[in-house]
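A.B. asks: below is the structure, and that's it, no one-letter string:
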């Protein structure tokens with residue numbers, strides 16, 4: 001009798017195990033005919049059962065099914081996290097068995113999924129849906145933590161979404177990774193300016209100018225910060241020091257021209273004109289001289305050309 005009970009128990013266990021394995025097969029059959037909703041139900045059951053959760057095949061199929069859902073116009077709207085689930089499933093399959101028979105297929109499909117995610121994120125970014133763009137860019141960035149171009153996209157999207165702490169983190173990470181773009185210093189310093197942390201903004205601007213001494217935007221930001229303090233002498237000294245260090249930098253002369261113009265035509269906090277100083281004409285002449293000097297160094301220097309025509 002005991003033997004009979006043991007045999008029955010073993011049969012029940014075997015039947016349960018086979019039932020779960022059949023779920024994997026059932027999922028594959030639905031997948032074959034692109035019945036993604038039914039395939040998803042079957043494979044998720046298999047992925048939660050102890051009999052099949054440890055099988056690489058389960059997770060490969062799950063990745064393929066969610067990738068199919070992601071690409072399906074019919075089913076994708078009902079599964080907004082399909083791409084993420086596909087990537088998670090492929091990662092799990094590779095963790096269970098790095099040399100599984102589907103590893104090459106996984107690599108190809110994974111690349112396609114990431115490309116799909118990136119393109120959708122880029123479309124969202126262009127449409128100024130920065131939250132959606134950030135979510136997509138972060139998924140791509142997580143797949144390759146050394147891809148500075150995608151991290152830069154994350155920084156811009158986070159900045160656009162007003163997620164300033166995230167944006168700061170990404171900008172700072174790019175600086176640490178030595179990413180070659182003045183935009184990261186401009187973006188980060190602008191955040192600090194908006195937070196009224198002028199000293200921190202100046203620190204970032206100076207750091208950026210060390211790497212990009214000819215960047216007009218960074219130079220303008222530095223001059224504006226100094227000018228904001230109302231110390232024209234200090235601003236002129238900073239510009240003259242910059243010119244002395246780099247006499248062939250057109251942006252320094254342009255910035256000097258802007259500053260002399262501002263001194264000649266002062267405004268109040270609301271942008272309304274104030275009384276001109278006694279030496280206004282002298283300041284205007286100095287402005288013109290510096291704009292012309294910028295043009296002598298760089299004939300294509302549009303900003304100076306524009307100001308000179310004014």
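C.D. replies: Sure, I can see it. All of these numbers come straight from a predicted model, not from anything done at the bench.
A.B. asks: helices of the stretch 201-310 of the chain, start to end?
C.D. replies: 216-228, 232-245, 250-264, 280-297, 302-309 (DSSP state H, counting those that start in this stretch).
A.B. asks: quick one: mean pLDDT over the shortest one.
C.D. replies: Which is helix 302-309. In this model, helix 302-309 has an average pLDDT of 50.
A.B. asks: please apply the same query to stretch 83-95.
C.D. replies: Per-residue scores along stretch 83-95 average to 95.
A.B. asks: neighbouring contacts of it?
C.D. replies: Residues from elsewhere that reach stretch 83-95 (Cβ atoms under 8 Å, 6 or more residues apart in numbering): 47, 56, 59-60, 62-67, 70, 79, 100, 102-103, 106, 109-110, 113-114, 116-117, 139, 143. Any C-beta I mention is one placed from the backbone N, CA and C, and that applies to glycine too.
A.B. asks: most neighbours per residue, which of the helices of the stretch 201-310 of the chain?
C.D. replies: Of all these, helix 250-264 carries the top mean neighbour count, a mean of 23, counting by mean count of other Cβ atoms under 10 Å.
A.B. asks: the spatially most central residue of the chain in helix, strand or coil?
C.D. replies: Nearest to the mean C-alpha position of the chain, counting by Cα atoms, centre = their mean, stands residue 154 at 1.4 Å. What DSSP: H, G, I helix; E, B strand; the rest coil gives for residue 154 is helix.
A.B. asks: over to residue 50?
C.D. replies: Quick answer, by three-state DSSP: residue 50 is coil.
A.B. asks: quick one, phi/psi of it?
C.D. replies: Dihedral angles phi and psi of residue 50 (degrees, to the nearest 10) take the values phi -60, psi -20.
A.B. asks: again, but for the one 10 residues further on
C.D. replies: Here the main-chain torsion angles of residue 60 (degrees, to the nearest 10) amount to phi -60, psi -50.
A.B. asks: next one: it from residue 83, what distance?
C.D. replies: As judged by Cβ to Cβ, to the nearest Å, residue 60 and residue 83 stand 16 Å apart.
A.B. asks: who has more neighbours out of the two?
C.D. replies: residue 60 (26 against 22; other Cβ atoms under 10 Å).
A.B. asks: who touches the more buried one in this structure?
C.D. replies: 89, 90, 93, 100, 102, 105, 106.
A.B. asks: right, I'll leave it there.
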